[in-house]
Structures are given as C-alpha cells and as structure tokens.
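**Student:** From the sequence below, what's the structure:
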Amino acid sequence: MHGSDTPSDWVRRWSALIAPQSTVLDVACGVGRHLRWLHSLGHAVVGVDRSPEAVAAGAPLGEMVCADIENGPWPFAGRQFGAVVVTNYLWRPLFPTLLASLAPGGVLVYETFAHGNETVGRPARPEFLLQPGELLAACSGLRTVAYEDGFLEEPARFVQRITAIRELAHAGAPSRHLLAGPAS
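**Tutor:** Numbers count the residues shown, from 1 in each chain. As a prediction, the model looks like this:
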C-alpha cells in the first residue's frame, strides 16, 4: 500500500513501457516506493507530495517538490515527462493536467481505489473512489494499453488502474507496446 516499501505490482509490470532514461513524475509520491523502483531502472525521477517528510525522504533520488496540488498551482507548468505515475491518489480536477504532462510517447501508469472499496475499508467516501469506467473516460485521448477494474484480495480493496500512452504524432508503422507478463 501507499506507505510501504514495495512498489505496486501494476507499476512494476508496466514500467517496461517507459522509454529508457526518461524523466518520470510520481504524483503524491509518499515516501518514494515508486521513485526508488523507477530510479533503479535508470530513470530520472521527480516526486511531488504535500508532506515535507515525504519530500525529504525522496530527496536523495532526484528532484522533489513539496506542493499542495489540490489547492495551489501545478508546480510543473509547461513541463512534460516520459511517464507519470499515480497510485492511491485521486483528485479529479487534476486529470487534464496529468495528461498534458505526458510527453509524446509518454506513459501514464495510474492505480487507485474504486467504487466498492467502501465495503472493505478506507477510503470509503465516494469522492475518493473511481466510478466504473472513469479512468477509461479520463484517458480517452490516450492509447490504452491495459485497464482493470475489480477486486484484489491482499490487502482487500477495489481498484481501478490504467496504463495508457500518448502516441507519437508521426505516421507509419503502428507503435509496438510489448504487453508485459506478471510483475516479477
């Protein structure tokens, strides 16, 4: 989960789609479990969180920004990234900004709680739970590579997750997005 040291299986599985040596943004990065994983793969990492303690924890890995992205300005205006990773965080007004932050060829890897989670734990308030198909709709301008909406047993939670790519604008052969196997 969010505070643990183990990166999400979803992030591990789909991180192979991120172009080598990309700059990757981790939104609401917490103590940096995904920053550490992505840094170990050779990516430059950028993290943003509103917690000064979380930002301090990630500082040795790369660029860290302490910001309240729900009530303040987006700290990366005009910047684009080779990937944007979001886990266990939902602020719907941020969807357009996240998509605009993807460079051409960039990968969005997003996983958070979904409707139904209120039956097994927290978060339980509707504003923190995705509705069926909500991530698909939010990412309609991207090429969806993988999408899941369902229940996970350990720990018990309902999730919705998507991996989507901002396609390159050039014509020609179709992009080859190798479908990864289970996380190892």
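
**Student:** Next, the contact list for Thr112, please.
**Tutor:** Going by CB atoms under 8 Å, 6 or more residues apart in numbering, Thr112 touches 86-90, 130, 159-161. Bear in mind the C-beta positions are built from the backbone N, C-alpha and C, glycine included.

**Student:** Kindly report the same for Ser51.
**Tutor:** Here Ser51 is in contact with 30, 66 (criterion: CB under 8 Å, 6+ apart).

**Student:** helix/strand/coil for Ile69?
**Tutor:** coil (DSSP: H, G, I helix; E, B strand; the rest coil).

**Student:** Pull the number of nearby residues for it.
**Tutor:** 21 (other CB atoms under 10 Å).

**Student:** so it touches Gly47, yeah?
**Tutor:** No - applying CB atoms under 8 Å, one finds Ile69 not in contact with Gly47, separated by 11.7 Å.

**Student:** Filter the contacts of Thr112 down to the buried ones and hand me the PyMOL line.
**Tutor:** To isolate the buried subset of the contacts of Thr112 in PyMOL, counting by 16 or more other CB atoms under 10 Å, use the following:
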select buried, resi 86+87+88+89+90+130+159+160+161
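
**Student:** among the contacts of Thr112, which are in strands?
**Tutor:** Using DSSP state E, 86-87, 159-161 are the members of the contacts of Thr112 that sit in strands.

**Student:** Go ahead and measure how far stretch 130-150 is from the middle of the chain.
**Tutor:** Stretch 130-150 sits 13 Å away from the centroid of its parent chain (CA atoms, centre = their mean, to the nearest Å).

**Student:** Likewise for stretch 113-120?
**Tutor:** 19 Å.

**Student:** so can I have JSON lines of the contacts of Thr112 showing distance to His115 and pLDDT?
**Tutor:** As requested, those are arranged in JSON lines below (distance: CB to CB, whole Å; pLDDT from 0 to 100):
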{"residue": "Val86", "distance to His115": "18", "pLDDT": "98"}
{"residue": "Thr87", "distance to His115": "18", "pLDDT": "97"}
{"residue": "Asn88", "distance to His115": "15", "pLDDT": "95"}
{"residue": "Tyr89", "distance to His115": "16", "pLDDT": "96"}
{"residue": "Leu90", "distance to His115": "12", "pLDDT": "96"}
{"residue": "Leu130", "distance to His115": "7", "pLDDT": "96"}
{"residue": "Val159", "distance to His115": "10", "pLDDT": "96"}
{"residue": "Gln160", "distance to His115": "8", "pLDDT": "97"}
{"residue": "Arg161", "distance to His115": "14", "pLDDT": "97"}
